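J.: Here is a sequence with its predicted model. Questions after.
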Amino acid sequence: MGCCVVDKEAELKRLMLRGLDGDPVAWRALLSEMRGALTPFFKRRLIGCEADAEDLVQDCLIAIHAKRATYDRSLPFTAWAYAIARYKLIDHFRRQGRRHDVPLEEASVLLAEHTVEDGVVRRDLKKVLSILPLRQRRLIEDVRVGGFSLAEAAQRNGFTEGAAKVSVHRSMKTLVASVNPNED
Amino acid sequence: MKTDDLIDALAAGLEPAKPARPSPDLLIAAALTAGATVALLLGVRPDLAQALQGPIPWMKGLYTATLTGTGIWLATRLGRPGVDPRPAAFAMLAVVAAVVLWGVIEMSLTPPERRMADWLGGTWTVCGRNIVLVSAFAAPLVFLSARRLAPTRPTTAGLALGLATGGLAAAAYGLLHCGEATAAFVATWYTLGVAAAGLIGAAVGRFALRW
């Protein structure tokens, strides 16, 4: 859960740009990464028919490949990939003749599901975090869950970057101690 | 097919990709088709050479060509997943608003007893229909020009392409056939014709633009 969504975005975008230039190794890596992100994304949205998720993942990988030229190099990769995944999901429901609302979420959910597997974990996480003072909690949520960089999160919560670094470090120590009472 | 094999197969045949945009060749072909359709089905106005010396056909052409330009821009933005289409939509609405405003000012300066005659002209009953008719011939090429794009909202993208097609048809119609000369006429009946083409495009796009 340490992996930060922003770093992930930067890595995926780098692979995407190299793929657009025709680098098959980068492209293979990107498609594999996307497979890892898309599988939980679709599974969670197809409760009851998880078997369709594999088909949708393949469909989506083909779309990412076939429509890669529609990616605007100046924009975040995640926003592009999320829009494709959401479209494929809506199209899947429509094909089945089901009217189904697919809410428009932050594109980063596509990557966040990598790290926070499901709602149960999310809920537990909330409980654990609740021992922290509010300001510290917001900071650590932004950095470790929300996918902001340290500098961005510091600014959002009114810390200097140095103070934020210290705060995150202390919070992590407190949290580790709270879930692991035997360890000092 | 296993997903691993799929990924291998896709990566193996990778070629460099240039940014996708609507094909200019097909759009030019669509414009020529619109011109040919006007000439063959509706006929060229007898005073064409003389009319093209004056500004009016060119003003009509400019307005409708701008609708086509903003329509293609809108379709392009809609055809790139994750891109915000609103700037293009606002641009198109601004163009329409400007022409409508022009028409309103023109009518307010027209003597009241002549207003209705100027606004309806001699062809208001057929203007919109003719634009839709010409659009029907140009539309397949316009829709085809967008096939490399990936619209995540096919209906809206169809609307944009339909409006762009309507703009092309109206430009050909205004330059080659139609003799109406008031801004109010163009602002109303041309705009309605283009809007009708847009609505038909939306209905078509819902199915034709899925990918």
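T.: Yep, that arrived.
J.: for the residue nearest to B:Ala88 when sequence neighbours are not counted, what are its contacts?
T.: Spatial nearest neighbour of B:Ala88, excluding adjacent residues (C-beta to C-beta, 6 or more residues apart in numbering or on different chains): B:Leu74 at 3.8 Å. Backbone N, C-alpha and C define where each C-beta goes, glycine included. Going by C-beta atoms under 8 Å, 6 or more residues apart in numbering or on different chains, B:Leu74 touches B:Pro85, B:Ala88, B:Ala89, B:Met92, B:Ala160, B:Leu163, B:Ala164.
J.: right, and the secondary structure at B:Leu74 would be what?
T.: Of the three states, B:Leu74 takes helix under DSSP: H, G, I helix; E, B strand; the rest coil.
J.: how about the residues of chain B near chain A?
T.: Within chain B, the positions lying close to chain A (C-beta under 8 Å from any C-beta of the partner chain) are B:1, B:3, B:6-8, B:10-12, B:14-20, B:79-83, B:148-150, B:152, B:210-211.
J.: which of these are buried?
T.: For the residues of chain B next to chain A, a burial check counting by 16 or more other C-beta atoms under 10 Å in any protein chain shown picks out B:3, B:6-7, B:10-11, B:14, B:17, B:20, B:79-83, B:148-150, B:152, B:211.
J.: So which of these belong to strands?
T.: Per DSSP state E, strands hold no members of these.
J.: Spatially central residue in chain B, please.
T.: B:Ala164 (2.2 Å; C-alpha atoms, centre = their mean).
J.: just checking, what packs against the longest helix seen in chain A?
T.: In chain A, with assignment by DSSP state H, the single longest helix is helix A:24-45. Here helix A:24-45 touches helix A:5-20, helix A:51-66, helix A:77-95, helix A:109-115, helix B:3-12, going by 3 or more C-beta pairs under 8 Å, 6 or more residues apart in numbering or on different chains; DSSP states H and E.
J.: how about it: buried residues?
T.: Within helix A:24-45, the residues that count as buried by 16+ other C-beta under 10 Å are A:24, A:26-35, A:37-43, A:45.
J.: For B:Leu78, give its distance to A:Trp80.
T.: Separation of B:Leu78 from A:Trp80 (C-beta to C-beta, to the nearest Å) stands at 13 Å.
J.: quick one: which of those two has more around it?
T.: Taking neighbours as other C-beta atoms under 10 Å in any protein chain shown, B:Leu78 and A:Trp80 compare with B:Leu78 leading, 29 against 25.
J.: what about the closest residue to the more buried one other than its chain neighbours, how many neighbours?
T.: Once flanking residues are discounted, B:Leu78 sits nearest to B:Ala157: 4.3 Å by C-beta to C-beta, 6+ apart. Residues near B:Ala157, counting by other C-beta under 10 Å, number 28.
J.: can you give me the angle the host helix or strand of B:Ala157 makes with helix A:77-95?
T.: Here B:Ala157 sits within helix B:154-176, counting by DSSP states H and E. Between helix B:154-176 and helix A:77-95, the angle comes out at 100 degrees (axes from the mean of the first three to the mean of the last three C-alpha atoms, to 10 degrees).
J.: by contact count, what packs against helix B:154-176?
T.: Partner elements for helix B:154-176 (3+ C-beta pairs under 8 Å, 6+ apart): helix B:24-37, helix B:56-78, helix B:124-145, helix B:191-208.
J.: how's chain A carved up into domains?
T.: As recorded under automatic domain parsing, the domains making up chain A are A:5-112, A:116-179.
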